[in-house]
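A.B. asks: Provided below are the primary sequence and the corresponding predicted coordinates.
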Amino acid sequence: MYQQPGIFYGGGLSPLLFIGWLISIGLGIYVFVLFVKLARRGIEALDLYIYAKNREIRDRYESVNPRD
């Protein structure tokens, strides 16, 4: 009966390819985390912008003593 060689020997996965694969997985996770952080900051900035614009509109058009 034919025995299959291990993953690193005899035509299997080379150690350098395996290490490169691990590095690429790690970098992928790191980039995903950075993207999530960037998205959260963008959402916060957009919320602050919308709040400021709504407050400006309310102050200008809905105040008791208009500036006009």
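C.D. replies: All right, it came through fine. Bear in mind the structure is a predicted one, so any value in this text is a computation, not a measurement.
A.B. asks: what about the most centrally placed residue in the chain, distance to residue 24?
C.D. replies: Against the mean C-alpha coordinate of the chain, by C-alpha atoms, centre = their mean, the closest residue is residue 35 at 1.9 Å. Distance check for residue 35 against residue 24: by C-beta to C-beta, to the nearest Å, it reads 16 Å. C-betas here are computed from N, CA, C, even on glycine.
A.B. asks: can you give me the helices for the chain?
C.D. replies: Residue ranges of the helices in the chain, as given by DSSP state H, are 15-61.
A.B. asks: low-confidence stretches in it?
C.D. replies: Screening the chain residue by residue with the criterion pLDDT under 70, one finds the ranges 1-13, 63-68.
A.B. asks: let's go with 80 and repeat that
C.D. replies: By pLDDT under 80, the weakly predicted segments of the chain are 1-15, 61-68.
A.B. asks: now do the contacts for residue 22.
C.D. replies: Contact criterion C-beta atoms under 8 Å, 6 or more residues apart in numbering gives no residues in contact with residue 22.
A.B. asks: mind checking how far it is from residue 51?
C.D. replies: Applying C-beta to C-beta to residue 22 and residue 51 gives a distance of 44 Å.
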